[in-house]
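Undergrad: Need a 3D model of the sequence below.
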Amino acid sequence: MCERFGISRSPLREAYHVLATEGLLNLSPSRGAVVTAPTLEEVLQHYVLLKALETLGIELACDNATEDDLDQLELLHRKMRRLAEKGDMAGLLKVNNDVHRTIVCASGNQPLIDTHQIISRHIIRLQNINGAIEHSVEESYQEHEVFMEALLNRDKPVAIATFKAHLSTVEDNLRKRLETSAYKP
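TA: Model prediction:
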């Protein structure tokens, strides 16, 4: 890996220790680093925290987002629309993660931003291990359409309520995915 990324062993070891601290790797003296396999309970615990962080993020973004933040969110939302029209679930999922991250960043709250980055890795990791969590591209986009309109208009009560509804749909889809035989930790 050092050769592949053009780095020395010290930064690689440091990265391994950070990932191990976050629970994403197990470090064994004689075996090296092994990616951990999340359990259903662990994923759902992380998702409970992620929902709370992202709900706070959209609440603060309604008050604190700059015009540049809102422009970036609108740009990402238009990109989601194009991907939804194509039925590109993998592309949509990536941009979806970008939208959620950008909302949290638009909150202007650095501790929230930092914590969200760590916690969201656990859900994104599951997506990367097992592919896209299957659900309707149209459903996902339509839910985004509603909360994005409210956020862009800084309508905090509607933005929060519709975003919470979206996060509940995401949780339902996540549970379905984790409870099927397709998920093998």
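Undergrad: Pro38 in helix, strand or coil?
TA: Of the three states, Pro38 takes coil according to DSSP: H, G, I helix; E, B strand; the rest coil.
Undergrad: Next, give phi and psi for it.
TA: In this entry, Pro38 is assigned phi and psi values of phi -70, psi 140 (degrees, to the nearest 10).
Undergrad: How confident was the prediction at it?
TA: pLDDT, Pro38: 78.
Undergrad: Likewise for Pro185?
TA: In the predicted model, Pro185 carries a pLDDT score of 55.
Undergrad: same check, this time on Val137
TA: 67.
Undergrad: residues of the helix or strand hosting Asp63 that come out buried?
TA: Using DSSP states H and E, Asp63 falls within helix 40-64. Neighbour-count burial for helix 40-64, counted by 16 or more other Cβ atoms under 10 Å, picks out 43, 46-47, 50-51, 53-54, 56-62. Where you see a C-beta, it was placed from the backbone N, CA and C, and this is true even at glycine.
Undergrad: repeat for stretch 70-83
TA: With burial defined by 16+ other Cβ under 10 Å, the residues of stretch 70-83 counted as buried are Leu70, Gln72, Leu73, Leu76, His77, Lys79, Met80, Leu83.
Undergrad: Select, from these, the two members most distant in space.
TA: Of all pairs drawn from the buried residues of stretch 70-83, the greatest distance, 20.3 Å, lies between Leu70 and Leu83 (Cβ to Cβ).
Undergrad: Okay, domains of this structure per the record?
TA: Residue ranges for the structural domains of the chain, counted by automatic domain parsing, are given in the record as 2-35, 40-179.
Undergrad: residues in contact with the strand or helix carrying Val34?
TA: Element membership for Val34, per DSSP H and E: strand 32-35. Identification of contacts with strand 32-35 by Cβ atoms under 8 Å, 6 or more residues apart in numbering yields Tyr16, Leu19, Ala20, Leu24, Leu25, Asn26, Leu27, Ser28.
Undergrad: Would you mind giving both backbone torsions of the residue of the chain most remote from its centre?
TA: Outermost residue of the chain with respect to the C-alpha centroid, by Cα atoms, centre = their mean, is Ser30; its distance is 33.2 Å. Geometry field for Ser30 lists phi and psi as phi -100, psi -10, criterion degrees, to the nearest 10.
Undergrad: check contacts around it.
TA: Remark: with contacts taken as Cβ under 8 Å, 6+ apart, Ser30 is in contact with nothing.
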